[in-house]
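Asker: A structural model of the following input is requested.
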Amino acid sequence: MKPDHNVLALLRDVAARVPDRAALIMEDAGGKESSITFAGLWERVDRVSAGLRRRGLQAGDRAIVMIPMSIDLYAALLGLLKMGAVAVFVDPWIGARQIAAFAAFAEPRAFLGIPKSHVLRLLDRRLRTIPLTVTTGGRLGPLPARHTLAELEQETGDGVGDRVAPAAADDSALITFTSGSSGEPKGADRTHGFLLAQHRALAAEFPALPSGNSDNSEIDMPMFPVFALNNLAGGVTSVVPAMDFRRVESVDAARVLRQMKAHGVTTCTASPPFFDRLAEKIDPQNRPPLRRLLTGGAPVSDAQLRAWRRALPDPEILVVYGSTEAEPVAHLTAEERLDAVNDLRPQTPGYCVGHPSPRVQAKVIRIEGSLDQELPTGEIGELVVTGDHVSRDYYRNPQAVRENKITDFQGTNAGAVWHRMGDTGSFDTAGRFWIAGRVHSTIHRPTGPVHPQLVEQAAQGEDARIHRLAAVGLPDPLGGERAVLVVETAGSADLMQDIAARLAAAGLEVDDVIFTREPLPVDPRHNSKIDYPKLRKTLIGE
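Answerer: Sure thing, here's the model as predicted:
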């Protein structure tokens, strides 16, 4: 018998402790609201789990889940985990062809999705043969799927309070394919032990209000599914923002603010563009009852932090640093960030993300180097981390493991797996980490490496004329790369000299500056991180 590390035991215990507390509150496109209690969610999870098992799915089987953030998503996802199956997420922001390729790569035994996702499945010969298919909508005969989620829930469940399927700490729970690049799919393997450790880390780093009764507990608005999952494990109510998660920049801030006020939302976790839109719409005379904002997923500028603070003078604002493979790694308050930047102007070493979490070990090594090549304080290198909530593996991708993981064979850390965060940067004398750029976006000029975020941060300053900018390396006929700064702006006669002055003050230089009115390409997930490979290809003309 395996040790019982199944993360679903947390939800079972919460449902028994606060059965009548709202677990999830949703609002559909038409404004209709729906909600479910923790006891109600556990009952649905119990029935879905029983329905899947009775239709042939077994512990350890992989199941594709393509359902947007909703009550149905968590009923399906948690039903899989309860029975010991593995849920496989394919990032919905990537192209249809890659979604199909990644889904097939997982060799799934089941496919659970909204009706539209089954159209994609039926169009791909590799996915048409999946034996167990479930749609969240209706069906006509075997189309678009052989079963509906409602049919699964007609089963008699295993009984609220029964044990979940036993799982070892290193058994896979979730596999998330997030890479949009070509080549072998890169699926982060989140085991039951990893999810339990991540829950403990998030609960300790960002504690919720006391939850002794429903009138004195946290109400969170999470934009990210993993934070809603963490809320479910901790007994925190999640109010899902009414928005198109594929278009964060176009979020209807007025509608979201109405949700916050109607439900007494106390905390919110979202990407920077979400809070940009929120800050623009907040009425100083009628602010939402927030006590804390958490943001991450992309660099946050000083100007953004100041704008958020003007709109929301009271809540704590936290900038969180991490990745799919390791979250959280570090965080700091808006005030700590701004004070750190002010102390080091004008030659700041990048974006400060704070002290590493006490639950991880972190070091800066030579870029693409080994663990024994640790660099001294102040020297820019590559950040690597290890800890219980740092994933150790990728699904069926030994090349990704070789490129992103380092096994420690020495001393007290023997056997530890370190993850390459993919970021360059340095520690300051206070032990805070400053991000200077991405490892693979480092510009290799003949005179030495140029780190994009250092250039971008210095050139931007707090100039409202600049919407976005990006420093990229382009091939230099004389060898190495030229550092080119691309500036998205409506234009200004003296902008060039202002940028040059700011770069000179920071001791930085570039080979060329290009001004454009066209939007720079950004990541489809957060709508805020520059897509450097795509921009480079555009500039080269590929």
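
Asker: where does Pro241 land on pLDDT?
Answerer: On pLDDT, Pro241 comes in at 96.

Asker: nearest residue to it other than its sequence neighbours?
Answerer: Spatial nearest neighbour of Pro241, chain neighbours left out: Val256 (5.1 Å); criterion: C-beta to C-beta, 6 or more residues apart in numbering. Using the backbone N, CA and C atoms, a C-beta is placed for each residue, glycine as well.

Asker: which parts of the helix or strand hosting the one you found are buried?
Answerer: Using DSSP states H and E, Val256 falls within helix 253-263. Neighbour counts over helix 253-263 (16 or more other C-beta atoms under 10 Å) mark Ala253, Val256, Leu257, Gln259, Met260, His263 as buried.

Asker: could those residues go into JSON lines alongside pLDDT and distance to Gln304?
Answerer: Output for the buried residues of helix 253-263, formatted as JSON lines (pLDDT from 0 to 100; distance: C-beta to C-beta, whole Å):
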{"residue": "Ala253", "pLDDT": "95", "distance to Gln304": "15"}
{"residue": "Val256", "pLDDT": "96", "distance to Gln304": "17"}
{"residue": "Leu257", "pLDDT": "96", "distance to Gln304": "18"}
{"residue": "Gln259", "pLDDT": "96", "distance to Gln304": "22"}
{"residue": "Met260", "pLDDT": "96", "distance to Gln304": "19"}
{"residue": "His263", "pLDDT": "96", "distance to Gln304": "26"}
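
Asker: return the member of those nearest to Ala145.
Answerer: For the buried residues of helix 253-263, the closest approach to Ala145 (C-beta to C-beta) belongs to Gln259, at 31.4 Å.

Asker: how about the contacts made by that closest one?
Answerer: Contact analysis of Gln259 by C-beta atoms under 8 Å, 6 or more residues apart in numbering lists Glu27, Met221, Val239, Pro241, Ala242, Val265.

Asker: any of the residues you listed buried? List them.
Answerer: For the contacts of Gln259, buried by 16+ other C-beta under 10 Å: Glu27, Met221, Val239, Pro241, Ala242, Val265.

Asker: just the residues you listed: which are in strands?
Answerer: Secondary structure from DSSP state E places Glu27, Met221, Val239 of these in strands.

Asker: re earlier: out of the buried residues of helix 253-263, the closest to Ser70 would be?
Answerer: Gln259 (14.9 Å).

Asker: now Asp408: how far from Trp418?
Answerer: For Asp408, the distance to Trp418 (C-beta to C-beta, to the nearest Å) stands at 6 Å.

Asker: ok, Arg121 next?
Answerer: Using C-beta to C-beta, Arg121 is found at 38 Å from Trp418.

Asker: list phi and psi for Gly51.
Answerer: Main-chain torsions, Gly51, degrees, to the nearest 10: phi -60, psi -40.

Asker: need the contact list for the nearest residue in space to Gly193 that is not next to it in sequence.
Answerer: Sequence neighbours aside, Ala169 is the residue nearest to Gly193 in space, at 3.0 Å (criterion: C-beta to C-beta, 6+ apart). If you count contacts by C-beta under 8 Å, 6+ apart, Ala169 has them with Pro3, His5, Thr191, His192, Gly193, Leu196.

Asker: could you work out the most separated pair of these?
Answerer: Farthest pair in these (C-beta to C-beta) is Pro3 and Thr191. Separation: 12.6 Å.

Asker: more neighbours: the two, which one.
Answerer: A direct count of neighbours by other C-beta atoms under 10 Å for Pro3 and Thr191 places Thr191 higher, at 23 against 12.

Asker: what stretches of the protein score poorly on pLDDT?
Answerer: Under the criterion pLDDT under 70, the flagged ranges of the chain are 1-3, 92-95, 157-162, 178-185, 211-216, 345-347, 411, 524-527, 542.

Asker: now do the contacts for the residue located most distally from the centre of it.
Answerer: Going by C-alpha atoms, centre = their mean, the residue of the chain most distant from its centre is Leu478, 39.7 Å out. Applying C-beta under 8 Å, 6+ apart, we find Leu478 in contact with Pro446.
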